[in-house]
Each structure stands twice: as structure tokens, then as C-alpha cells.
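Predicted model follows, preceded by the sequence.
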Amino acid sequence: MARAPLLQVTDIALTFGGDPVFEDLSLVVQPGDRVALVGRNGSGKSTLLKVMAGLVDVDKGGVVVAPGMSVGYMEQDPTMEGSATLGDYASSGLDASDTWRVDAVAEGLKFDPARDVNVASGGERRRAALAKLMAEAPGLMLLDEPTNHMDIEAICWLERELSQTRTGFVLISHDRAFLNALTRATLWIDRGQVRRQEKGFAHFEEWRDKTWEDEDMQRHKLNRKIKQEARWAVEGISARRTRNQGRLRALQDLRAEKSGQIKRQGAAAMALDAGQASGKKVIEAFGLSKTFAGKPIVSNFDLTVNRGDRIAFVGPNGVGKTTLIKMLLGEIAPDEGSIKHGTNLDIAVFDQARAKLNPETTLWDNLTTDPSMSVSGKADQIMVRGQPKHVVGYLKEFLFDEGQVRAPVRSLSGGEKARLLLARLMARESNVLVLDEPTNDLDIETLDLLQDLLGDYPGTVLLVSHDRDFIDRVATTTIAMEGNAQAVTYAGGWTDYLNQRAEIEGVVAKETKTKSKSGKGKAVVSEGLSFTEKHRLEELPKVIARLEAEIAKLEELMSDPALFTEHPVKFQKATDALVDRHSTLSDAEEEWLLLEEKAVR
């Protein structure tokens, strides 16, 4: 027996500012559905979710929710008026017996429920909104970019939670890995229409490309038919025209059909120019140590960045990824160690905080008042990679229309702000790109284009991102920052990093099992430990394994008899590093023993 749908949208129409967002749109969400809602930035994805949540009234048609069914919607920018703390907001409307759920989600998403809403960041407020939704446990969840501004650890936690739920959900996200793992069906908004495929997002691009290919074929056939009919109309004699008014009307209908076709929006015309090549060595860091606000960021960290490297920095929010990059760029001084820059560096930075955009001024002013882009005596032109270009024409290349050019930046969506930042970044020549969370808010097509551009870019890229798929596609080296001043370099992208770390952890697990059997280890953690101590005790085997692996690599390096005679400086650095790793390993093992003893008291 067929089950009643959770939610049904029937023949809705919606118009904003004279332009139709949707016309005659219908869709159904079934029990247990796990649906990816995809489409270009500005196609109406967020608006459709709000319609489904009952937050936006439509001009025509209706939305029907199954009797007794609750629909929960995660706001991207919750106001939180009337709530003193993030926990107050997340718990509002819940029974007292259910507030424990907020604490459980807060622990998984890593935000402090006691934090004042007035000082909370956008990312913290978004996570509190997600905690509120999950604690309410509705029958249908509508999730609008839940992973934005989350680190990979929190994204993976959310991914596990959603993979285990029986609750239906509709999900908007730019994170391919997240969508691939969770979705079983895809809703695609394209030029005001919604198509559905009963396959997850992993099959979306193949479906989209086939759909567009079919459209192009139909358009070609229509154009050919119009040409044939138009030739008949021109060449036919008057009498024939009189007797064939029906055929002329059919020609008019064909032309009307063509004019009614909505042209697909093209991709942004983004381009990168590396300009003058940098030296072969871009950045060399020796023995960097840094403590920031009382928290250790790195200790005795070495790194060589060569021209053409694509280095991804990964780790939890707040671990110090941006601080480390600023040290490498020379913007922040290390407490210890030194940094050497190569020759001819021309550095361009994409700032995750969007600090280089003035929200109160227009898109036009944000470009023309930038000294690096202004053209002397030309208020309507900017310099784009050494050539003057009209500001409107350049913004059109990044998919902005003329109506937006004089609008304030604060009126833009998150994705549009990201595109505007990319427009500024790509207007200049550079040979070192620093991209601090560039993937937030960008649609899939723009991400694809950015990935391709970075692949062809002859310069060097330093990347901070929580998008696992993007890291896999772009990075040649991954630096994992896991807290406690640990920053470890791995070859390859995110998946390569996981595989290499798993090999190390496999060795540790084997050794830990041996210790447990001999009575030196305990499998169960006692409640005598604090939450922080429990977490530390669980993490220490990984730290110990990593240090042991680093020691093994250093010892292998120093076993080369030619190292001392031919590379004395390198030999001394390896010796110092080996002494440091042994000391750190001894401290970690002692800490592990102390926590183990405390756990069994």
C-alpha cells in the first residue's frame, strides 16, 4: 500500500520584483526521502525551502503537509531575538525533558551553548540553529547549507547523524562529499523548473549533462525547422500563401516557441593570470613555534613551499590554520624560528571573512575605489590583468546583471559575495594564491570552474578548506593541524591523508591491544576523568603513533652515510628534530600513563 507523501507542492507560482521565480512548479517529498536540492546560485533553492516550510507565501498553487507531520527548517541567518545565549535559542520551544538533545548536538557540532548570542560568530549561530532543528526532531527536515563554516570534524559528525536517521530531509549543500554520502534522490532547479531523479547527487552531473545535451539537440532541430519554413514563406507565391495560412501560423508558433525558450545561464568567465614567475623556492620555514592567545599553534614546524605546489591546511576550527598561513606570509611573527621568502612573489589573498568588501557601498564602488584596480581618469573602468575593462562588462563575466551593479554589497547572497571576491582576486596578476575557505556558498558549477582554473594555474596555491572533495581535486600536499601544536605534512589530498593516517593508527591499535593484554592498558575509560581528559586519553594513542612514525622517518633519513658529509645543515636539522620528537614522545607516553591511572581509580 502506497504511503501518503510527507509534503506536496502543487502548481505554485512565485514572483519577486516582477520576475517569476517559479511557475507551475510541483514536487513531492515521500517518507524516508533523502533529497539533494541543487541548482545555480540565485536559482531559488533557499526560496523553495522557505515555501516548503510555510515561511514564504506563493502567488498561486499550494503546499500540503501530511496530517500530524511537523516540518523543521534550518535558518541560514537566525535572528535569535529574545535569547541570551546560543543554548537558550536552541532550547526555545522544547520541553524541559528534551533539552539534553541540545547539549548532545552542541558537543557534536562543537559550539558552546553558554555563548552570548551578541558575540557569537555567524558560524556559531548557524550551528545553534542546526542544533535547535535536530533537538526538535521534526518529521521532515529542511536543511539550507548546514555545513557552511563548519570544520571537517563537525561535518563528519553531522554526516553520521543524518545517515542514521529515519527522518526524511531535503538538503542544500555545496559539499559534494556530504551530498554523495547522504542523498538518494535529487531535485534540480533549473530556470524556474524542478526536475527529480530517483538517484543521489553522485549521479547528478551525468544527468544534468545529458539533459542539456538533449536540449541542445532539440534546439538545433527547432532552428532547422524554422529556417526551412521561413524559406518556404519567402519563396512561395502569393496564391500559395493565401491557401496556406495554417502553415504560416505554424511558423509563427515555432518562432514563439523559440523565443519562449529560456537560455541556460553560462558559467562565470573566470580566469587566472600568474604574471611573472616566482623563484623555484617560494617559502621556507625553519623551526616555527607559535602560541596565540595562550594556545599552542605549532612547535618546531618546518616547511618548504616550491613553485607550483598546492598545499591544503586542514583541521578543526580555531586550531590555527589561518594563523600559520599568516606566519608563512610574514604577516605574523613566529615566537621561534624563521621564514625565508623566494624572489618575485606576487601574493593575492581570498579572505574567508569577506573583510575586503565594504557591505554599505555598491559592487561598482567596491571595484573602482580599489587602488590596485582603478584606471587613472576613468571612473567606469578597472584594470583587469593589466588591461582596462568596463566595470559592468567585467561584473557580467561573473554572472552579475546590470541591476546589481549599483546595489549595496549587503544585498548579495553568500554565493554572490564569494563571486565578487573572486572577481577582485582574478583582476590582478599573481603567482601565489592564498584561498581561505573559498568554497563557502559557491554553487557546484562555479566550484568546478575554480577547480579547473587552479589546476591550470602555473603559480603556487595555499588553501584552507573544509570541502573534502575540493581538497582531493586540488591539493598535492595536505598539512593536518590537529591541535596541541601538532602540524603534520602528508602527500596528496584529503583521502590520501586519511589513508596514511589510518596506516599509522592501525599500528597503534595493534600495540594498544598488546598493552591491554599484558595489563598495561585499559579498554574502558572511567567516569573519574573529565570530558577533556577523556578526549585527551582517546587522542593520545594517535599522537604517540604519529610521533613514532615521524621518528622512524627521521632515523631512516639519518641512516644515509652521505647525509652528514654532503648535507651537514640538513643532517643537523634532522638531528635536532629527532631529539625534539623523542622528547615529545616521552611526554606523551607519560601523560597517557597518568590519565590511565586516573581513569581506574
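Okay, I see it.

The spatially closest residue to Gln197 that is not a sequence neighbour: helix or strand, and which one exactly?
On the basis of CB to CB, 6 or more residues apart in numbering, the spatially nearest residue to Gln197 that is not a chain neighbour turns out to be Thr186, at 4.9 Å. Bear in mind the C-beta positions are built from the backbone N, C-alpha and C, glycine included. Here Thr186 is covered by strand 185-190, with elements defined by DSSP states H and E.

Against which helices or strands is that strand packed?
Contacting strand 185-190 under the criterion 3 or more CB pairs under 8 Å, 6 or more residues apart in numbering; DSSP states H and E are the following elements: strand 34-38, strand 193-197, helix 204-235.

Put the alpha carbons of that strand into PDB.
In PDB, the C-alpha atoms belonging to strand 185-190 read as follows (Å, rounded to 0.1, in the frame of the first residue of the first chain):
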ATOM      1  CA  ALA A 185      17.200  11.400  -4.800                       C
ATOM      2  CA  THR A 186      17.900  14.800  -6.500                       C
ATOM      3  CA  LEU A 187      15.700  17.800  -7.100                       C
ATOM      4  CA  TRP A 188      17.300  20.100  -9.700                       C
ATOM      5  CA  ILE A 189      16.000  23.700 -10.000                       C
ATOM      6  CA  ASP A 190      16.900  25.000 -13.500                       C
END
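
quick one: strands adjacent to that strand?
The pairing partners recorded for strand 185-190 under DSSP bridges are strand 34-38 (parallel), strand 193-197 (antiparallel).

quick one: contacts of the host helix or strand of Val102?
Element membership of Val102, judged by DSSP H and E, is helix 100-109. When contacts are defined by CB atoms under 8 Å, 6 or more residues apart in numbering, helix 100-109 is touched by residues 86-87, 90-91, 94, 112-113, 127-128, 130-132, 134-135, 137, 150, 154, 157-158, 161.

now do stretch 304-312
Defining contact as CB under 8 Å, 6+ apart, one finds that stretch 304-312 is touched by 277-285, 328, 342, 431, 454, 458-465, 471, 474-479, 493-494.

same check, this time on stretch 79-93
Stretch 79-93 is touched from outside by 78, 99, 102-103, 105-106, 111-117, 120, 124-125, 127-129, 131-132, 135-136, with contacts defined as CB under 8 Å, 6+ apart.

Which ones among these map onto helices?
The members of the contacts of stretch 79-93 that map onto helices under DSSP state H are 102-103, 105-106, 124-125, 127-129, 131-132, 135-136.

Looking at those residues, point me to the pair that's furthest apart.
Based on CB to CB, the longest span within the ones in helices among the contacts of stretch 79-93 runs between Glu124 and Glu136 and measures 19.0 Å.

Which residue ranges of the stretch 501-601 of the chain form helices?
If you assign secondary structure with DSSP state H, counting those that start in this stretch, the helices in the stretch 501-601 of the chain sit at 531-558, 562-566, 568-599.

can I get those in TSV with mean neighbour count, distance to Glu360 and mean pLDDT?
Written out in TSV, the entries for those read as follows (neighbours: other CB atoms under 10 Å; distance: least, CB to CB, whole Å; pLDDT from 0 to 100):
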stretch	mean neighbour count	distance to Glu360	mean pLDDT
helix 531-558	16	42	77
helix 562-566	11	59	76
helix 568-599	15	49	78
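
And these: which comes nearest Phe204?
That would be helix 531-558 among the helices of the stretch 501-601 of the chain, by CB to CB, at 35.4 Å.

Report all helices and strands that the closest one contacts.
helix 494-517, helix 568-599.

Where does Thr291 sit: helix, strand or coil?
Reduced to three states with DSSP: H, G, I helix; E, B strand; the rest coil, the structure at Thr291 is strand.

rewinding a little: between the helices and strands packed on strand 185-190, which gets the lowest average pLDDT?
Mean pLDDT is lowest for helix 204-235 among the helices and strands packed on strand 185-190, at a mean of 72.

residue contacts, the residue nearest to Gln197?
Thr186 neighbours (CB under 8 Å, 6+ apart): Val35, Ala36, Val38, Arg196, Gln197, Lys199, Gly200, Phe201, His203, Phe204, Trp207.

which of those has the most neighbours?
Counting neighbours by other CB atoms under 10 Å, the top entry in those is Phe201, with 29 neighbours.

and the closest residue to Lys60 other than its chain neighbours, how far is that from Phe22?
Taking CB to CB, 6+ apart, and ignoring the residues beside it in sequence, Lys60 has Ala13 as its nearest neighbour in space, at 4.0 Å. Counting by CB to CB, to the nearest Å, the gap between Ala13 and Phe22 amounts to 6 Å.

Counting neighbours, go ahead and name the busier of these two.
When neighbours are counted by other CB under 10 Å, Phe22 comes out ahead of the other of Ala13 and Phe22, with 24 against 15.

Which secondary structure element of the chain has the lowest mean pLDDT?
helix 238-243 (a mean of 49; mean pLDDT, DSSP states H and E).

how far does the strand holding Thr186 sit from the chain's center?
Going by CA atoms, centre = their mean, to the nearest Å, the spacing between the C-alpha centre of strand 185-190 and its chain's C-alpha centre is 20 Å.

Go through it and flag the buried ones.
Buried positions in strand 185-190, judged by neighbour count with 16 or more other CB atoms under 10 Å: Ala185, Thr186, Leu187, Trp188, Ile189, Asp190.

now do stretch 107-119
Using 16+ other CB under 10 Å as the burial criterion, the residues of stretch 107-119 that qualify are Gly108, Leu109, Lys110, Phe111, Pro113, Arg115, Val117.

other SSEs contacting the helix or strand Ser163 falls within?
Element membership for Ser163 (DSSP H and E) is helix 152-164. Taking 3+ CB pairs under 8 Å, 6+ apart as the contact definition, the neighbouring helices and strands of helix 152-164 are helix 100-109, helix 122-136, helix 176-182.

CA atoms only: put stretch 337-348 into CSV for me.
In CSV, the C-alpha atoms belonging to stretch 337-348 read as follows (Å, rounded to 0.1, in the frame of the first residue of the first chain):
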residue,chain,number,x,y,z
GLY,A,337,62.1,30.0,14.1
SER,A,338,62.5,31.9,10.8
ILE,A,339,60.8,32.3,7.4
LYS,A,340,62.5,33.0,4.1
HIS,A,341,60.6,34.2,1.0
GLY,A,342,61.7,33.5,-2.5
THR,A,343,62.1,36.0,-5.3
ASN,A,344,59.4,37.9,-7.3
LEU,A,345,56.5,36.9,-5.1
ASP,A,346,53.1,38.5,-6.1
ILE,A,347,50.6,37.3,-3.5
ALA,A,348,46.8,37.5,-3.8
